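*Asks:* below: sequence and its predicted model.
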Amino acid sequence: MPDTMLFAMEAALNGLTAGVMYALVALGFVLIFKASGIFNFSQGVMALFAALTLVGLQSGQVPFAHLINAIFGTRIHYFGWTLPTLVAIAGTVAVMVAFAWLVERYIFRHLVNQEPIILFMATIGLAYFLEGLGDVMWGAEVKRLDVGIPQGMSGTVDDLTFAWFGYGFYMDTLELWAALIAGVLVLSLILFSQYTKQGRALRAVADDHQAALSVGISLRFIWVLVWSMAGIVALVAGMMWGAKSGVQFSLSLIALKALPVLILGGFTSIPGAIVGGLIIGVGERLFDFFLGPIIGGATENWFAYMLALVFLLFRPQGLFGEKIIERV
Amino acid sequence: MIYREAGDFKTTYAADNQTFPIKGDRFAYYVVLAFALGVMPFIITDYWANAIVIPFLIYTIAALGLNILIGYCGQLSLGTGGFMAVGAYSSFKLMTSFPELSIVFVVILAGLCTAAVGVAFGLPSLRIKGFYLAVATLAAQFFLIWLFTRTGWFFNYSPTGMITAPTRTVFGYPVTGPRASAVSMYLFCLAFLIAVAWLARNLTRGTLGRKWMAIRDMDIAAEIIGVNPLTAKLSAFAVSSFFVGIAGALLFTVYLGAAEAGEAFGIDKSFLVLFMVIIGGLGSILGSFLGAFFLIVGPVLLKLLLVDNLRWPSDVAAHLEIMIIGALIIIFLVLEPHGLTALWRTIKEKLRLWPFPH
Amino acid sequence: MKMTRMAAVLAVTMTAAAPALAETLHFPMLNYRTGPFAPGGIAFADGYQDYLTLINERDGGINGVPIRMTECETAYNTERGVECYQGIRGDNPLVLQPLSTGITYQLIPRTMEDRVPMHTMGYGRTSAVNGEVFNWTFNYPANYWDGASVIINYLLEENDGSLDGKKIVLLYHNSAYGREPIPTLTRLSEREGFELLTIGVDSPGQEQGSQWLQIRRERPDYVVMWGWGVMNAVAIQEAANIRFPMENFIGVWWSGSEQDVRPAGQGAHGYKSLAMHGTGRDYPVYDDIQEYVIDRGLNAGTGDEVGTVLYSRGMYAAMLAVEAAKRAQELHDTDVITPAMMRDGMANLVITEELMEELGLPGFGPAFEVSCDNHGGSGEAMIQQWDANEGTWNLITDWIAPDRELIMEMVMEDSLAYARENDIEPQCLEMAGD
């Protein structure tokens, strides 16, 4: 087999795992859009906030330390204890659920029946607020996130592929783990929505708000539920991305990587988010591999959008989105 | 009492359809215009000009442009930053390739270049709608920025990729470059703003504007009554990008003087202008002014208040500032989803009746 | 709402009208403690501020004239930087340190016009070395082109004087900053015969999968990095992931701080970077900082960043600014100096090893002299290596000199082109009148 083929295969395989990382972020968007029609721009910041909270709890940081110190002239920074990872994750989940409740109670309850663009704007406002809050609460320094997932080149893949092709493929162990975790996450989301009472209510609301209300499903509860679920998905995404690059501001920008995935897969489809992520991941790596050197490289910022745009011209509702029916 | 329409009779259609049908409004408008042209140039200081007034003027132009697209034609766009970059880079290329060309024409031509690019990226809007279109316009944003940072021709192969505006004059006064005085920069931008606002107002109340609004309210119905969606949508993209391109050209040549695509025209610019439009009020000329005012002046005032007066550490203040802006956006949307214009309209209603509300 | 805004406007006008305090030396700080590059900005700002506080607390100011610090948040954003500059320019700012190449480019023409000196230490426009064109901009002790040349000289030394046939990858932040070293490296590659491959990473650089796959395929002998912010940490992590030999991975001085290597943990062991100054708390000046600043609770940050690379850099910048102010006081024989006098102090700055020792920083930075036609200092830098076990940066070389001949040639080309474009007559400025 010629080398170029092998390199391209390697790039494509890496694209697959990268695509899973994008899909992780896109999942959160889909959950909220499906249940409430809100295009939640703050998903990326939620991932950052969740990761910050996780690190903060783990290392025993005092929340708002900087603000307190600035106002009262004290010098407190740490509680002096560290929490085991699992406890910290549980704590973060609790924080995200509380956040979901607050968002429903104080923002979206007042915005029922508004146009989608107004709801979208509200989530941008929320993104700003949360970004500032995360910084004030936990500080803006880079934090190292270690939840015990191994990182680095996977030896097994390297050995296997070397034995087969005479060229060892590079795969990041962390991304393989991320793929596994994403699989578990999607599976549990599907199980939850298919086989539990709340899950059925959730699907009912996604299908038709009015009908769901009339059979006695509490819309508010469902909204809190999906926002909590989106918060948990954000936490997982934040953990995976944070382990790669440390927890800092740029983590919130991963939302921008998820948007093309979203339009490609369709706003309302969970499998769409996964498939869209995979297509974008592979397409982006292969494009960069074949054409990047010719046109100057660093195409990853826009290629995904262009790909999605081309797809949209043929299917305006995305690959798996619900067919748009227009009436006068 | 003072502000009322009783006794203000209209005898012609033209009088009835004028921009400011109420006498009080008309008077206020002339006062503001006279103040901006006659008084401001004499009292403006360098700090106020450069920190607040000039960015306010420039962003108002951009907000007017985006408002035409989103507010009047209903096409959600997140590519404003990229289109501003087109304006900036085409004005740079024009200035360096034709040093004799007057800066006024440079800015207008830059706007026209942007309009062409805007139409090209507006083509998908014929098929894609809503949030799908919003995300698709992000393709324009990222692609254009990538193009400007990667292609040497656009920045004349300067080793760093920065573009720098040379000095150009209007009536002998420099308006760009480091030697330009605050007053000349202010008047230059103001002239463009007045022209653009006048154009926007007259376009939106004419045939074209009505077509746009028909498309916005329901595109299929509009199509059935004979509005051609192709020309309506593309003309909205063209006009909007023209304005946005002028704003980008002014931002680079007059205000910044040196720029780099990724840094000066990033995605946050797109969001900033979008905020202005929504906070100000969709589909309203006045709203663009109010929104730009709120988002340019607000942060500066907050900063001056928190840092200079309350003596808070600047980083805490900056974080709080982000939080406050975010919270204000939410509060506004909860209280008045239709923006500052709607607020202004309510005040006007109250004022008309004051002091006898019954 | 209306009332509060009115009150705010009133309050603002009052502040703006407050007269500048006489008999102080105004050192403005354009910091960024927020935004994507905050982690780097915070440590630098803390170092800068702590050193100035030390001078105030220990010596009562510079020759008895207290320092007045003002802080303005730029968030690494050019427009906010310009707004900050407009706010302080009327307030006799002695020296500006914008800490961002983008803001530097904005301010070069403005500061020339307003006659305010600007110091861009290890960043900014390289050709500002030519002080005859850039009268008000200084970039001593070293700039990017020096840095690129120092790295190549170091590699030459490692390879017994020849890089012929080697392959070197430059991984750069796709911005004005990251593209700075490309011309220098291109010229050097022609001269030394190595193959140069440039790979750009778009800001912020959270995702570098395809770049590192490419590096893995290309199998370069060395990777040189010009990164900033999250890009550094991700690159080092990815390099560790593909098992690139860390000792062949060299970053510029902005890619060599603790926060860049820590997230990669053990994987970053052996990573090298340029060092324009020493690091660690082993310098006598830290005893003073501990005594006069930290123990009194006056430190700017949390205290655990003291002695880190970027903190040291901020402190070094403040130290050079204070020394320039002293020089200006000496030259003009007055204690209260103006920005123009400060410029003279900077243009005639002489840093000797004895002086560094006296300041409690022996061997911390190079000895250099500034003159009218050379605002760039010596351009020397060291190489430091990360020890992940100890969690420290170790200096592994002495000062390495760049190829100044080549760099001056390029500086002249670029600066004279700038002078032509902007109608500047290259000349030395006269000393400021008293």
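*Replies:* Sure thing, it's come through. Please read all numbers here as calculations on a predicted model, not as lab measurements. Numbering: from 1, shown residues only, chains lettered A, B, ... in the order given.
*Asks:* next, C:G200: secondary structure please.
*Replies:* Reduced to three states with DSSP: H, G, I helix; E, B strand; the rest coil, the structure at C:G200 is strand.
*Asks:* that one: neighbour count?
*Replies:* C:G200: 23 surrounding residues under other Cβ atoms under 10 Å in any protein chain shown. Using the backbone N, CA and C atoms, a C-beta is placed for each residue, glycine as well.
*Asks:* any idea what it is bridged to?
*Replies:* C:Y172 (DSSP bridges).
*Asks:* hmm, C:L170 and it touching each other?
*Replies:* No. Using Cβ atoms under 8 Å, C:G200 makes no contact with C:L170, being 9.1 Å away.
*Asks:* so how far is stretch B:227-246 off the chain centroid?
*Replies:* Relative to its chain's centre, stretch B:227-246 lies at 15 Å (Cα atoms, centre = their mean, to the nearest Å).
*Asks:* list, one by one, the residues from the stretch 151-300 of chain C near chain A.
*Replies:* With Cβ under 8 Å from any Cβ of the partner chain as the criterion, the stretch 151-300 of chain C meets chain A at residues C:174, C:199-202, C:204-207, C:209-211, C:213-214, C:216-217, C:229-230, C:233-234, C:237, C:240-243, C:259, C:262-263, C:265, C:267, C:297.
*Asks:* quick check: ChimeraX command selecting the buried ones in these.
*Replies:* To isolate the buried members of these in ChimeraX, using 16 or more other Cβ atoms under 10 Å in any protein chain shown:
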select /C:174,199,200,201,202,204,205,206,207,209,210,211,213,214,216,217,229,230,233,234,237,240,241,259,262,263,267
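*Asks:* not counting its neighbours along the chain, what's nearest residue 321?
*Replies:* The chain I'm using is chain A. A:G266 (2.7 Å; Cβ to Cβ, 6 or more residues apart in numbering or on different chains).
*Asks:* was after chain C, sorry
*Replies:* Nearest residue to C:A321, sequence neighbours excluded (Cβ to Cβ, 6+ apart): C:V95, at 5.3 Å.
*Asks:* that neighbour: neighbouring residues, count only.
*Replies:* By other Cβ under 10 Å, 26 other residues sit near C:V95.
*Asks:* and B:V334, how far is that from chain C?
*Replies:* Per Cβ to the nearest Cβ, to the nearest Å, B:V334 is found 15 Å from chain C.
*Asks:* a strand runs through that residue, doesn't it?
*Replies:* No. Assignment of B:V334 by three-state DSSP gives helix, placing it outside any strand.
*Asks:* residues touching it, list them.
*Replies:* When the contact criterion is Cβ atoms under 8 Å, 6 or more residues apart in numbering or on different chains, the partners of B:V334 are A:I107, A:H110, A:L111, A:A122.
*Asks:* among those, which are in helices?
*Replies:* Within those, residues falling in helices by DSSP state H are A:A122.
*Asks:* surely A:D172 is in contact with A:V157?
*Replies:* No. The criterion here is Cβ under 8 Å, and A:D172 misses it with A:V157 at 9.5 Å.
*Asks:* quick one, which of the two is more surrounded?
*Replies:* Set A:D172 next to A:V157 and count neighbours by other Cβ under 10 Å: A:D172 wins out with 25 against 18.
*Asks:* what's the mean pLDDT across stretch A:58-72?
*Replies:* Averaged across stretch A:58-72, pLDDT comes to 82.
*Asks:* only the buried residues of that stretch, if you could.
*Replies:* For stretch A:58-72, a neighbour-count test (16+ other Cβ under 10 Å) marks A:Q58, A:S59, A:Q61, A:V62, A:P63, A:F64, A:A65, A:H66, A:L67, A:N69, A:A70 as buried.
*Asks:* look up how far C:V309 lies from the second one.
*Replies:* The one in question is A:S59. According to Cβ to Cβ, to the nearest Å, A:S59 and C:V309 sit 22 Å apart.
*Asks:* for the stretch 201-328 of chain A, just list every one of the helices.
*Replies:* For the stretch 201-328 of chain A, the helices defined by DSSP state H, counting those that start in this stretch occupy A:209-214, A:219-245, A:254-265, A:270-290, A:292-295, A:303-314.
*Asks:* okay, these, which one's buried deepest?
*Replies:* The highest average neighbour count among the helices of the stretch 201-328 of chain A, using mean count of other Cβ atoms under 10 Å in any protein chain shown, belongs to helix A:254-265 at a mean of 28.
*Asks:* near chain C, which residues of the stretch 151-300 of chain B?
*Replies:* Counting by Cβ under 8 Å from any Cβ, the residues of the stretch 151-300 of chain B near chain C are B:159-162, B:164, B:166-167, B:177-179, B:255-260, B:262-264, B:300.
*Asks:* drop anything exposed from the residues you listed.
*Replies:* B:159-162, B:164, B:166-167, B:177-179, B:255-260, B:262-264, B:300.
*Asks:* where does the chain have low pLDDT?
*Replies:* The chain I'm using is chain A. In the predicted model, chain A carries pLDDT under 70 at residues A:1-2, A:296-297, A:324, A:327-328.
*Asks:* oops, wrong one, chain C.
*Replies:* When residues are selected by pLDDT under 70, those of chain C lie in C:1-22, C:433-434.
*Asks:* quick check: longest helix of it.
*Replies:* Scanning chain C for the helix with the most residues, using DSSP H, yields helix C:309-332.
*Asks:* who in the stretch 151-300 of chain A is up against chain C?
*Replies:* A:151-153, A:170, A:172, A:241, A:244-246, A:248-251, A:253-254, A:257, A:284-285, A:288-289, A:292-293, A:296-298, A:300.
*Asks:* let me know whether B:G248 touches B:G79 as I believe.
*Replies:* No. In this structure, B:G248 is not within contact of B:G79 by Cβ under 8 Å, at 11.7 Å.
*Asks:* could you grab the helix/strand/coil label for C:L170?
*Replies:* Going by three-state DSSP: C:L170 is strand.
*Asks:* setting aside sequence neighbours, what's the nearest residue to C:L188?
*Replies:* Among residues not flanking C:L188 along the chain, C:I152 sits closest, at 5.0 Å (Cβ to Cβ, 6+ apart).
*Asks:* and if you look at A:A178?
*Replies:* Spatial nearest neighbour of A:A178, excluding adjacent residues (Cβ to Cβ, 6+ apart): A:M240 at 4.6 Å.
*Asks:* please apply the same query to B:N17.
*Replies:* Using Cβ to Cβ, 6+ apart, the closest residue to B:N17 is B:R205 (7.6 Å).
*Asks:* can you check C:Y177 too?
*Replies:* C:T101 (4.2 Å).
*Asks:* what is the neighbour count of that neighbour?
*Replies:* C:T101 has 27 neighbours, counted by other Cβ under 10 Å.
*Asks:* so it is in contact with C:R179, correct?
*Replies:* No. C:T101 lies out of contact with C:R179 (Cβ under 8 Å); the separation is 9.9 Å.
*Asks:* identify the contacts common to those two.
*Replies:* Common neighbours of C:T101 and C:R179 (Cβ under 8 Å, 6+ apart) are B:T160.
*Asks:* related to what we said a few turns ago, who has more neighbours, B:G248 and B:G79?
*Replies:* It is B:G248, of B:G248 and B:G79, that has more neighbours when counted by other Cβ under 10 Å, with 35 against 30.
*Asks:* now for the residue in the stretch 301-434 of chain C that chain A sits nearest to, how many residues are close by?
*Replies:* Closest residue of the stretch 301-434 of chain C to chain A, Cβ to the nearest Cβ: C:T302 (5.4 Å). Neighbour count for C:T302, taken as other Cβ under 10 Å: 18.
*Asks:* helix or strand for it, which one?
*Replies:* For C:T302, there is no host helix or strand (DSSP states H and E).
*Asks:* cool, and A:I190?
*Replies:* Assigned by DSSP H and E, A:I190 belongs to helix A:173-195.
*Asks:* would you enumerate the residues in contact with the residue nearest to A:G321?
*Replies:* A:G272, A:G276, A:Q317, A:G318, A:L319, A:F320, A:G321, A:E322.
*Asks:* ok, residues contacting stretch C:281-288?
*Replies:* The contact list for stretch C:281-288, computed with Cβ under 8 Å, 6+ apart, reads C:L54, C:R58, C:V306, C:G307, C:M315, C:L359, C:G360, C:L361, C:P362, C:F364.
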